[in-house]
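all I have is the shape, not the residue letters:
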Ligand code: GAR
């Protein structure tokens with residue numbers, strides 16, 4: 001029996017956070033868990049290519065193929081069960097999961113969010129929008145947060161955070177890239193290792 005936590009990563013887009021997890025696994029930064037499955041709700045997500053290149057199984061589950069959120073989530077659960085997944089990582093997964101899903105995997109779902117929660121988070125705050133709002137507000141420091149996922153969007157217990165300074169000449173795009181490079185790609189692998197270790201411990 002494997003003594004590593006079995007990890008599924010849920011994605012929707014480019015998958016740079018997924019790549020950071022794959023790299024961390026290869027470097028041994030993540031040693032208590034292993035990515036077994038990548039699930040995307042977007043068939044064009046480049047994250048799927050990254051998974052395939054790394055030899056990780058993939059699944060595409062599209063909301064439009066199901067009559068309800070419940071049925072969409074049932075399909076995801078079916079996949080997670082097939083692989084006996086212990087830990088679910090939302091890495092740029094742009095769909096809010098229902099309470100029936102999050103309560104089923106209590107303390108077993110983590111998410112990376114591109115701000116210092118509780119700033120610029122919750123429903124409607126995702127991707128580039130978060131950085132646009134931070135710049136509009138004129139904050140001088142932003143960052144990223146990894147947290148457990150519960151029924152409140154971006155409302156679960158915080159695991160790790162890292163601050164990033166905002167520059168005078170930042171655009172949403174330059175800020176997004178810097179927050180990813182200096183914060184997200186570092187704290188997500190660290191949090192995955194921390195939680196995986198606890199799961200197998
Ligand atoms: C990341 O910045 C992630 O924090 C954000 O989307 C981007 C996905 O990039 N997630 C959210 O906004 C969730 N609320 P990636 O596909 O390259 O990892």
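Ah, there it is. Every value quoted in this text rests on a predicted model; they were computed, and no experiment measured them.

name the SS class of the residue of the chain found nearest the ligand, please.
Distance from the ligand to each residue of the chain (CB to the nearest ligand atom) is smallest for residue 92, at 2.7 Å. Heads up, the C-betas are built off the backbone N, CA and C, glycines and all. Three-state secondary structure (criterion: DSSP: H, G, I helix; E, B strand; the rest coil) places residue 92 in coil.

so what pLDDT did the most far-flung residue of the chain relative to its centre get?
Distance to the chain centre peaks in the chain at residue 168, reaching 28.7 Å (criterion: CA atoms, centre = their mean). Taken from the predicted model, the pLDDT recorded for residue 168 is 97.

ok, it - contacts?
Not one residue lies near residue 168 by CB atoms under 8 Å, 6 or more residues apart in numbering.

count of neighbours near the residue of the chain closest to the ligand?
24 (other CB atoms under 10 Å).

quick check, it in contact with residue 19.
No - in this structure residue 92 lies outside contact range of residue 19 using CB atoms under 8 Å: 10.8 Å.

in stretch 139-153, what counts as buried?
Neighbour counts over stretch 139-153 (16 or more other CB atoms under 10 Å) mark 142-150, 153 as buried.

what's the span of that stretch from first residue to last?
For stretch 139-153, the separation between the terminal residues is 22 Å (CA to CA, to the nearest Å).
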